[in-house]
Structure formats: structure tokens, C-alpha cells
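Student: Got a predicted structure here, sequence first:
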Amino acid sequence: MADLFVGRQPIFNRKLRTHAYELLFRAGDKRHAAVVCGDMATSQVLVNALSEIGLENLVGPYQAFINVTDKLLLESDLAAMLPKQCSLEILESVSPTPEIVASVQRLSDAGYQIVLDDFEYSEAMNPLLEIADLVKLDVRQLQEEGVRKQLEQLAPFNVKLLAEKVETPSEFNTYQDMGFEYFQGYFFARPSVVQVKSIPANNLAIMELISKVNDPDITLAELGEVISRDASLSVKTLRYVNSPAVGLAAEVSSINQALTLLGLDIIRQWVMILTLTSVDLEDKSPELFVMMLTRARLCQLIAEKAGLENPGIYFTIGLLSAIDVLMDASMDQLINPLPLTQEVKSALLDFSGTGGAILRSVMAIEQGMLNEIIFTELDMDQLNHAYLEALHWADEVNGGI
């Protein structure tokens, strides 16, 4: 059987907090997202998520949205297969026959959240609307006028609404005003402004600290001094060093001891991570920081598996790849003053070089666009394992910061 790739896409609530993840199937033997058979795709997602990978490693404490076809509804005992943590997305291709409606009703009665995917209203769908908890509308396809029409038709039904394919903060605000409770798309990972504006003083201090720790000539003693001058950063660094994730045999009581034991590169990475956690996310989703961590770790793992020199460089590329979104400033404005290598700057500014190829491929993986993977030194099985490891690492780190 071909290797299978299970990705995830976050679903947010109105406060831009993570509500759930949709699990995405991709064929691992080819670099494209084609799904030949919906039943096979969903079945394999279930097999991978529940047995091979573990649902807790993919979605943690959140709901898992999983696509369900008519065949699975009629021929599988989903209630025996799936934990209640799963929300069942009834695909738009499913016809609301009496048998289908009865099956969906049984699953609803058993405690599963029922979701109607890519929904467009017709009277024939009324029996499923009477059961459903949530309706997903593709706002990219429907456009604003079409969305308003759908909302009028859905008004008599007791369903919550999810806006799918929301790509800008303005769209998020528009559909939030229309009464949508949940949102899915890439809007959280895009800058809310395109014009150059001044960087707030607190963020400027953060960039100065990132600049210092990325100085290629910095010594262990100098890095230790930089960390020690910031009481909060010192405490957070020591907390990390003494955490189970590091696995040191003896407790570390000083920054200099940590530097000696772990080395310059690892401490530099963690100082950057801990520094970025002090950025005020304001109206941004915390998922943005999880994405940055995932990108950083995945870039590094790909570099390691490909045998590239200094994989820590690729960690930096991944971590800083969305700093423009984090700080609402242009990438040029933020990156050019930093003492980064030309390879790192080129990767971040125009996706050039090996670093750029890896970053573009990582961004393609997180969006399920496997046909856009351009770094081909690793096969899909290696990329899949690296991605899952990066997801787990990022969730673990974010939970411990």
C-alpha cells in the first residue's frame, strides 16, 4: 500500500483560539493532493489517526473533523470505530436518502457532532439540517452575496456556522459580523497590513535581542550575559533546560552551565523562541506561534535528514518565516537589519536557495499542497514522519512555555 500523509488544518472560534483541527488525507506516493476514492481516503485517515499515529498526537485535546462518505455511513460501524472527540463531516456528495438520514441520526444520538461540509442549501437537505450541529460554507466559492443568501435559508435551523477558506483579516471580520461562530483558512498566517509602518518599541526591543543572539561572532560567555540581563528570559531558559524534554540527568542552576551542557546553537534557538513568546498577539491566533514552531522544527528535520550542514540555520528560517505576520511589519523591515547569513535572508525574503526551497516545501506541506513541494531530496514517507514529529514537538513546546 502507498504511504499516506495525514495533515491538519486548524479551525478557530470567534476569539481566534483553536477550536478543532480538520484532518486531511493526501496520497503519499505522489506529490499531489488528489483523492481518487473518498471512502478509501477517509478510511485511511481513520486508520492512520487512530492506530498508527494516535489521535492525541495529531489534535491533542481538540476535536478532530473527519470527512465521512455515504458508503462509510451505510457500511461501517463508525460509533464503534471513533471516539467522541471526532466530529463527522458529511461530504457534499452524500445524498440525503432515508438510510443516510437514519445513520446520521444514530451517530448524533450517540453523541457525535454532525457537520455538513461545503454546504449549499436545497430543500432535500432539510432532514440532515434538522440533525446537524454545524454547517460549513465555502465563502471563497459563494462570495459575500451568496453567503448572505445561504444564511437566510439556514435561519430556520438550529445550526452553528463555520466559514471555510477565509483568507484575510477583513474577511474574518465580515463573516464574524454575519454571525459565524467558527472559521477555517489561512487568514491567521497572512499580514493584516501591507504598508510599511513603524515597529512598536516593545517589538523593537525583541528584534534587538534576536539580532544579538544571531550574531555569528557571539561567544558562549556573551550569549550568557545577554540572557542573564533579562530576568524573565533567564527563568524561562532555565525552566526549559530542566524540563523532561531536554532530559538532562542533573539539575542545571545557571545560564553558563546550560550553555556549556547544551551548546551555543541549541540555546540560541531557545532564546529566539522564548523571546518571540513575549510578543503581544493582540487579535492574532495563538495557532500562529504553533505554526512558527512547527515550521522551524520541520525545516530543521528536513535539513538533518537530507544531510545538510548546519541544520540550525533552517530552524531559524522556519521560526522567522512568519515574523512579519507576528509583528505587523514587512519582512524586509524586520530581517534586513538582523546579522543573519545571506542564505537565511534570501530564503526569508524571496524563497531562494536551498533554505528557500525547504521553506516553500514546508509551507506547501502545512497547506496540504503536496504538488508544490520543490525540495525533492526526501521522499514522502520521510516528509510525513518529519511533519508528524514537528507537529508533536511544537504542541509540546507550546504547552510548556
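Tutor: Thanks, I have the structure now.
Student: Residue 216: what's its closest spatial neighbour, skipping adjacent residues?
Tutor: residue 339 (6.5 Å; C-beta to C-beta, 6 or more residues apart in numbering). Glycine gets a C-beta too; all of them are placed from N, C-alpha and C.
Student: and what of residue 178?
Tutor: Computed as C-beta to C-beta, 6+ apart, the closest residue to residue 178 that is not its neighbour in sequence is residue 151, at 6.3 Å.
Student: Contacts only, for that neighbour.
Tutor: 161, 178-179 (C-beta atoms under 8 Å, 6 or more residues apart in numbering).
Student: Just the buried ones out of those residues, please.
Tutor: With burial judged by 16 or more other C-beta atoms under 10 Å, the buried subset of those is residue 161.
Student: Select from the contacts of residue 151 every entry located in strands.
Tutor: residue 161 (DSSP state E).
Student: In TSV: the contacts of residue 151, plus distance to residue 76 and pLDDT.
Tutor: As requested, the contacts of residue 151 are exported to TSV (distance: C-beta to C-beta, whole Å; pLDDT from 0 to 100):
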residue	distance to residue 76	pLDDT
161	28	98
178	36	96
179	34	95
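Student: If we only consider the contacts of residue 151, which is nearest to residue 358?
Tutor: Proximity of the contacts of residue 151 to residue 358 was ranked by C-beta to C-beta; the top entry is residue 161 with 37.6 Å.
Student: quick check: domain ranges of the protein?
Tutor: As assigned by automatic domain parsing, the chain contains the domains 4-188, 201-400.
Student: these two touch, right, residue 110 and residue 79?
Tutor: Yes. Counting by C-beta atoms under 8 Å, residue 110 touches residue 79, with 4.8 Å between them.
Student: Okay, and the residue nearest the centre of the chain sits in which element?
Tutor: The residue lying closest to the centre of the chain (C-alpha atoms, centre = their mean) is residue 291, at 4.6 Å. Taking DSSP states H and E as the definition, residue 291 sits inside helix 287-305.
Student: For that helix, what does the pLDDT average out to?
Tutor: Helix 287-305 comes out with an average pLDDT of 93.
Student: pull the CA atoms of that helix into CSV?
Tutor: Extracted as CSV, the C-alpha positions of helix 287-305 are listed here (Å, rounded to 0.1, in the frame of the first residue of the first chain):
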residue,chain,number,x,y,z
GLU,A,287,-2.1,29.0,16.5
LEU,A,288,0.3,31.4,14.6
PHE,A,289,3.0,30.7,17.2
VAL,A,290,2.4,26.9,16.9
MET,A,291,2.7,27.2,13.2
MET,A,292,6.1,29.0,13.5
LEU,A,293,7.4,26.4,15.9
THR,A,294,6.2,23.6,13.5
ARG,A,295,7.9,25.3,10.5
ALA,A,296,11.1,25.8,12.5
ARG,A,297,11.4,22.2,13.6
LEU,A,298,10.3,20.7,10.2
CYS,A,299,12.8,22.8,8.3
GLN,A,300,15.5,21.6,10.7
LEU,A,301,14.4,17.9,10.5
ILE,A,302,14.3,18.1,6.7
ALA,A,303,17.8,19.5,6.6
GLU,A,304,19.1,16.9,9.0
LYS,A,305,17.5,14.0,7.1
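Student: Remind me what that helix packs against, helices and strands.
Tutor: Packed against helix 287-305 by the contact rule (3 or more C-beta pairs under 8 Å, 6 or more residues apart in numbering; DSSP states H and E) you find helix 264-276, helix 312-320, helix 323-327, helix 353-366, helix 380-400.
Student: That one vs helix 312-320, what angle?
Tutor: On the basis of axes from the mean of the first three to the mean of the last three C-alpha atoms, to 10 degrees, helix 287-305 is oriented at 160 degrees to helix 312-320.
Student: Please identify the buried residues of helix 287-305?
Tutor: 287-303.
Student: ok, now stretch 129-148?
Tutor: Buried residues in stretch 129-148, defined by neighbour count with 16+ other C-beta under 10 Å: 129, 131-132, 134-139, 142, 147.
Student: burial of the closest residue in space to residue 395 that isn't next to it in sequence, as a residue count?
Tutor: Nearest non-adjacent residue to residue 395, counting by C-beta to C-beta, 6+ apart: residue 60, 5.6 Å away. Other residues lying near residue 60 total 17 when counted by other C-beta atoms under 10 Å.
Student: backbone phi and psi for residue 60, please?
Tutor: phi 60, psi -130 (degrees, to the nearest 10).
Student: tell me which helix or strand of this protein sits lowest on mean pLDDT?
Tutor: Lowest mean confidence among the helices and strands of the chain (mean pLDDT, DSSP states H and E): helix 38-47, at a mean of 62.
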